[in-house]
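K.L.:
Sequence below, structure please.
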Amino acid sequence: MSIRDKLDISAYLVIGQENCTRPVDEIVAAAVDEGFTCVQIRSKISSAREMISTLDKCAAQIRRLGKSDSVALLVDDRLDVVLAAREAGIKVDGVHVGQSDIPVDVCRKFLGEDSIVGLSARTQDLIDYVGAADVSQIDYFGAGPLHETQTKPDCGRTDDGRIITHSFGEISRLAEVSPIPVVVGGGVKLNDIPKLAATKVNGFFVVSAVTGAENPRLAARELVNTWKNFA
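P.N.:
Sure thing, here's the model as predicted:
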């Protein structure tokens with residue numbers, strides 16, 4: 001059974017060096033040890049070689065914790081980085097793309113059937129999308145933003161510069177109509193978790209709630225435990 005078949009997006013960490021005041025792999029190790037189930041490396045400032053190095057260190061931490069077969073390690077947008085990392089022998093499980101990035105079918109062609117391919121978009125866009133699109137090559141949707149967020153300032157931004165966030169009601173609607181799992185983020189904090197769990201989505205994703213925390217391990221533990229208590 002491949003990790004694609006066992007994909008768990010209930011507690012999903014998005015992380016890059018620009019979000020951290022300490023080594024990325026150190027935070028990843030703490031989060032995974034406390035129960036995070038999926039890790040996405042996302043950086044707009046790192047070179048390909050820097051991202052490959054980060055992936056190598058994070059994969060080693062996940063392996064050290066004995067969770068390589070259960071915790072997915074993904075890369076945002078950079079299909080080239082995934083392929084190069086795999087060529088170097090690093091266990092990278094897939095890619096996450098937006099609707100304006102490399103098409104899902106191209107990712108699937110190059111990564112194979114055992115790999116994970118996630119797709120993100122604004123919540124309302126995804127509600128419209130699932131009614132007309134073939135989602136057979138997509139493993140999960142990343143939706144949001146729940147709140148305006150500084151870690152991805154263009155998230156939810158319209159062509160005229162407005163930020164559109166989404167209500168728990170809209171997120172519930174997406175969870176209801178989506179044929180594949182949904183993970184929601186965008187400024188998610190600990191006090192959002194109970195209401196988010198009540199929408200029946202499959203998980204939450206965070207950046208700064210863990211990477212910007214004074215104690216990332218404690219923050220990860222509280223997020224995971226709260227999700228488990230309410231989901």
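
K.L.:
going forward, measure contacts and count neighbours with C-alpha atoms only.
P.N.:
Will do.

K.L.:
Check whether Leu223 really touches Asp192, as I assumed.
P.N.:
No. Leu223 lies out of contact with Asp192 (C-alpha atoms under 8 Å); the separation is 9.7 Å.

K.L.:
Which residues does Leu119 form beta bridges with?
P.N.:
With DSSP bridges as the criterion, Leu119 is bridged to Val97, Phe141.

K.L.:
that older thread, comparing Leu223 and Asp192, which residue is more hemmed in?
P.N.:
Set side by side, Leu223 and Asp192 show more neighbours around Leu223, with 24 against 17, by other C-alpha atoms under 10 Å.

K.L.:
which element is that one on?
P.N.:
Taking DSSP states H and E as the criterion, Leu223 maps to helix 216-230.

K.L.:
list the buried ones in that helix?
P.N.:
Going by neighbour count (16 or more other C-alpha atoms under 10 Å), the buried part of helix 216-230 is 216-217, 219-221, 223-224, 226-227.

K.L.:
same question, stretch 87-103
P.N.:
Neighbour counts using 16+ other C-alpha under 10 Å place 90-98 of stretch 87-103 among the buried residues.

K.L.:
neighbouring contacts of it?
P.N.:
Identification of contacts with stretch 87-103 by C-alpha atoms under 8 Å, 6 or more residues apart in numbering yields 3-4, 40, 55-56, 59, 72-79, 82, 85-86, 104, 107, 111, 115-121.

K.L.:
Try it again at 6 Å.
P.N.:
56, 72-77, 115-120 (C-alpha atoms under 6 Å, 6 or more residues apart in numbering).

K.L.:
Which ones among those map onto strands?
P.N.:
72-76, 116-120 (DSSP state E).

K.L.:
from the middle of its chain, how far away would stretch 39-53 be?
P.N.:
Computed by C-alpha atoms, centre = their mean, to the nearest Å, the chain-centroid distance of stretch 39-53 equals 14 Å.

K.L.:
Name the residues of that stretch that are buried.
P.N.:
Neighbour-count burial for stretch 39-53, counted by 16+ other C-alpha under 10 Å, picks out 39-43, 48, 51-52.

K.L.:
which two of the residues you listed lie the greatest distance from each other?
P.N.:
Across the buried residues of stretch 39-53, the longest distance by C-alpha to C-alpha is 17.7 Å; it joins Val39 and Ala48.
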